[in-house]
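> need a 3D model of the following:
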Amino acid sequence: MDGFKDAAAVQLPDVIKAAGSDGVDLIIIDTPPYSSIEAIKAAEQADLLLVPTRPVILDLRATVDLAKSTKRSAALVLNACPPGRGGEPSIVREARQGLKSYGLPVALVAITQLVAFSHALIDGRAVTEFEPKGKAAQEISALSNWLEEKIK
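Numbers count the residues shown, from 1 in each chain. I've put the predicted structure just below:
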């Protein structure tokens, strides 16, 4: 088994078992960006949830509820954040502090709302392909490095 595989949440146990038989030791499950039965069932199959959330109070609360409802290890990623001038914007800092108060780890890297993400999606590329040396690619690479350290 290699590459990407589409599967409904009910198929995940079989897909995960088959991947393990094929020697796969890391599976990334990506779900739609909302709390649905499918997303929750997928989350229940995970060893670690990486949950993106915008730094907006209603999103933060829903994210915490989702992360805690699955009883899985979770880390939160602040996403679609406003760009800062010479540092992290106060709304991002405040969201980070608020999330930490719930006892959930928050990624050190916040993903900024940059047009490169939209441009890359138009033709089906990741930002690391669209603009490999751009700020968006740097943020995603930094998040990947943070996650790699977390799962070791």
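
> and stretch 124-139, how far apart are its ends?
19 Å (Cα to Cα, to the nearest Å).

> buried set for it?
Using 16 or more other Cβ atoms under 10 Å as the test for burial, stretch 124-139 gives V127, T128, F130, E131, G134, A136, A137, E139. C-betas here are computed from N, CA, C, even on glycine.

> again with stretch 18-29
Those would be A19, I29, for stretch 18-29 by 16+ other Cβ under 10 Å.

> and for stretch 39-46?
Quick answer for stretch 39-46 (16+ other Cβ under 10 Å): A39, K41, A42, A43, A46.

> just the ones of those residues in helices?
Judged by DSSP state H, the buried residues of stretch 39-46 include A39, K41, A42, A43 as members of helices.

> can you pull the pLDDT of the second one?
K41 is assigned 83 on the pLDDT scale.

> which one is it nearest to, not counting chain neighbours?
The shortest distance from K41 to any non-neighbouring residue, by Cβ to Cβ, 6 or more residues apart in numbering, is to A9 (3.6 Å).
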